[in-house]
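Peer 1: give me a model of this one.
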Amino acid sequence: MIDEQTVWDELWPVVENLIEATLAEDAATARTLLSSDGPAAALLDLFDIYVFDILLKTVLGREQLGVTRAVETENGRFIHIEYAWPEPGSAQNSFTANDLVTVTLTQLAGTWRIVEVNPASIDLPLTGGRARAVIATGQLLGEDGKLPGEAWILPFALYGGLLKMKLRPEALADPVEALFMPGLQDRSYGAMAVVNGRTLWRDFKANQQPPLDKPNAWAAAIEFIMSELELRDLTQAAVAKHYKTPLSHMVPRLKQIKKALNIQPGDERYADLQSTQIVYESD
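Peer 2: Next up, the predicted model:
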C-alpha cells in the first residue's frame, strides 16, 4: 500500500511539475510527465497544452491549492491524488466540488507518470454523460442559451461537447482521422469521445491494416460506432449523410470494425465510463 511519505516525496511533485508546465505553456515538459498510452497524453497530443488549463483548473486563476486525498486502487497499479483550488479567503479545508481535480498516476520503469487528469473528485469523476446531464438540466446555459463566462463551467463544456478546442493537425495521422475527429466535434461529442474514437480507429488499423481508399466511409463507420457507445439515437443513414458516403460503403466497414475489435455495448475501452474500485485511502 502507498504511504503518505511516498505521496509527498514522489507523487505530488509530478503533479506540481505538470501544473507548472501548464502555467508556462511548456508542452514538451508536460509530455515527459505523462504515461504515453494514457488519456492525458492523448488529450495533450490532440489539443496541446491548453487543454490542461481546463483539466487541472489553473484557468480558475487561484494562487493556492491543497491536497485533499490520495487513494490507491485495488490492484495497486494506480494512485489517485485529489486536490482543490479554494476561493481566496476561504476557511481552512473549505472548498466546493467545482474546485476539485483528480490526477491518476502509475509507476513505469521506476518513475511515476500521470495517466489521467479528471476535473472532478475521486468519488464522482466527470464523464461525458455526467457533463451532458448537467448541461441538459440547464444548469450551465444562460437565458440566451449560451455558456456563461465563469471558468468553473469549462470542464463541463469540454466533456459535454459544447467547447470545441482546436485539433492539432499533427495529431491527425491519416485522412480518416482528419474527417471523423472534426466531425465528432461538429456534432457536439465531448473531448473524451474524440480521444476514444481515435483509439478505436488506431486499434482497428493495428489489427487489420485496412486500405484507406474510401476514407469517408471509414469515418462514417467510426462515428456511427461512437454514437452507439455514447448512447445517441442516430440512424446509419443520418451518419452516412454527414460524410457524403453511401450506406453500401459504410455498413460493411462498421461491421468489420466491430468484429475485429469485438466491440460490445458500453465497451469500456472506447466508452466514457469510470469504474475504478477504491479500497485504500490516506489523508
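
Peer 1: so where do the helices sit in the stretch 151-283 of the chain?
Peer 2: In the stretch 151-283 of the chain, the segments counted as helices under DSSP state H, counting those that start in this stretch are 154-160, 175-186, 191-208, 215-229, 236-242, 247-261.

Peer 1: identify whichever of those lies nearest to R62.
Peer 2: Closest to R62 of these is helix 154-160 (C-beta to C-beta; 14.2 Å). Quick note: C-beta positions are derived from backbone N, CA and C, even for glycine.

Peer 1: just the mean pLDDT for the closest one, thanks.
Peer 2: Regarding helix 154-160, the rounded mean pLDDT is 95.

Peer 1: who touches that helix?
Peer 2: For helix 154-160, the external contacting residues (C-beta atoms under 8 Å, 6 or more residues apart in numbering) are 51, 54-55, 57, 59, 119-120, 126-128, 130-132, 134-135, 140, 147, 162-163, 165, 188, 190-192, 272.

Peer 1: again with stretch 30-49
Peer 2: Contacts of stretch 30-49 from elsewhere in the structure, counted by C-beta under 8 Å, 6+ apart, are 14, 17-18, 21-22, 25-27, 51-52, 55, 104, 106, 108, 113-117, 165-168, 171, 181, 191-192, 194-195, 198-199.

Peer 1: cross those residues against strands and list the overlap.
Peer 2: Here DSSP state E is the test, and the contacts of stretch 30-49 give T104, T106, L108, R113, I114, V115, E116, V117 as lying in strands.

Peer 1: any chance of those in TSV, plus pLDDT?
Peer 2: Shown next, in TSV, are the ones in strands among the contacts of stretch 30-49 (pLDDT from 0 to 100):
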residue	pLDDT
T104	97
T106	95
L108	93
R113	97
I114	98
V115	97
E116	97
V117	98
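
Peer 1: buried subset of the residues you listed?
Peer 2: Buried members of the ones in strands among the contacts of stretch 30-49, counted by 16 or more other C-beta atoms under 10 Å: T104, T106, R113, I114, V115, E116, V117.

Peer 1: from the ones in strands among the contacts of stretch 30-49, which is closest to G76?
Peer 2: Among the ones in strands among the contacts of stretch 30-49, T106 lies closest to G76 (C-beta to C-beta), at 9.9 Å.

Peer 1: from I257, how far off is the closest one?
Peer 2: 29 Å (C-beta to C-beta, to the nearest Å).

Peer 1: just give me the neighbour total for the closest residue to V195 other than its chain neighbours.
Peer 2: Once flanking residues are discounted, V195 sits nearest to A42: 4.7 Å by C-beta to C-beta, 6 or more residues apart in numbering. Using other C-beta atoms under 10 Å, A42 has 21 neighbouring residues.

Peer 1: and A42, how far is that from L172?
Peer 2: A42 is 13 Å from L172, by C-beta to C-beta.

Peer 1: from what I see, A84 and L65 are in contact.
Peer 2: Yes. A84 is within contact range of L65, at 6.4 Å (criterion: C-beta atoms under 8 Å).

Peer 1: higher neighbour count, these two?
Peer 2: Shown here are A84 and L65; by other C-beta under 10 Å, A84 has more neighbours (24 against 20).

Peer 1: from the ones in strands among the contacts of stretch 30-49, pick the one nearest I222.
Peer 2: If you rank those by distance to I222 using C-beta to C-beta, E116 comes first, at 22.5 Å.

Peer 1: beta partners for the closest one?
Peer 2: Counting by DSSP bridges, E116 is bridged to T104.

Peer 1: show me the contacts for it.
Peer 2: So E116 contacts G38, P39, A40, V103, T104 (C-beta under 8 Å, 6+ apart).

Peer 1: ok, the fourth one - how many residues close by?
Peer 2: As a burial measure, V103 scores 23 neighbours (other C-beta under 10 Å).

Peer 1: how close does it get to V195?
Peer 2: V103 is 17 Å from V195, by C-beta to C-beta.

Peer 1: would you mind giving me the confidence score for the residue positioned nearest the centre of the chain?
Peer 2: In the chain, the centroid-proximal residue (C-alpha atoms, centre = their mean) is M192; its distance is 3.7 Å. Predicted confidence (pLDDT) at M192: the value is 97.
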